[in-house]
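Q: build me a model:
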Amino acid sequence: MECRPHVHSHPRRRPAGGGLGRADVDPGWAFAAALVGGSVAAGTHFAKTGSRFAVGLVPLTGLAASLAEDFSAVAIVWVALTHPIVLLILLALFVGVLVWLLPKLVRGLRQLLQAVAGWFGGRSNAAP
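A: Alright, predicted model coming up:
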């Protein structure tokens, strides 16, 4: 049996992309959907990165965050299948919180990077 440890293509991911490629959708709507979907995905990844850094400072919080992510993934799929309108409302609330939280996470990361640069002889924020 051939072993391919780093293959990134998964059969369950193909039908969605293939279905979108064959759909009879106005290109403007397809572009808008891609823009919104990409923005939500990027915002989610940035928020997760910032929150992972924040919870990584305290022991065992990474484990709790990982378990919470697993539970929320199952809950989101269940809500999507049983109550799609509720999921859309929750998604709108999530995007609102993300828009509010993302600048704070970026600001905190920038301050952290400036502090680390100060430790290594970079410019310091302290007054002379």
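Q: let's verify V25: helix, strand, or coil?
A: coil (DSSP: H, G, I helix; E, B strand; the rest coil).
Q: need the longest helix for this structure.
A: Among the elements of the chain assigned as helix by DSSP state H, the one spanning the most residues is helix 84-119.
Q: how far away is V77 from G38?
A: Counting by Cβ to Cβ, to the nearest Å, the gap from V77 to G38 is 21 Å. Every C-beta, even on glycine, is put in place using the N, C-alpha and C of the backbone.
Q: apologies, that question was intended for A47.
A: Taken as Cβ to Cβ, the span from A47 to G38 is 15 Å.
Q: higher neighbour count, those two?
A: Neighbours per residue (other Cβ atoms under 10 Å) separate A47 from G38, with A47 holding more: 16 against 10.
Q: quick check: closest non-adjacent residue to the more buried one.
A: Spatial nearest neighbour of A47, excluding adjacent residues (Cβ to Cβ, 6 or more residues apart in numbering): L98 at 5.7 Å.
Q: chain center to the longest helix of the chain, what's the gap?
A: Relative to the centre of its chain, helix 84-119 is centred 10 Å away, using Cα atoms, centre = their mean, to the nearest Å.
Q: against which helices or strands is it packed?
A: For helix 84-119, the contact count by 3 or more Cβ pairs under 8 Å, 6 or more residues apart in numbering; DSSP states H and E identifies helix 27-55, helix 61-82 as packing neighbours.
Q: by how many degrees do the first one and helix 61-82 diverge?
A: Yep, that's helix 27-55 we're talking about. Note on geometry: by axes from the mean of the first three to the mean of the last three Cα atoms, to 10 degrees, helix 27-55 and helix 61-82 are set 150 degrees apart in direction.
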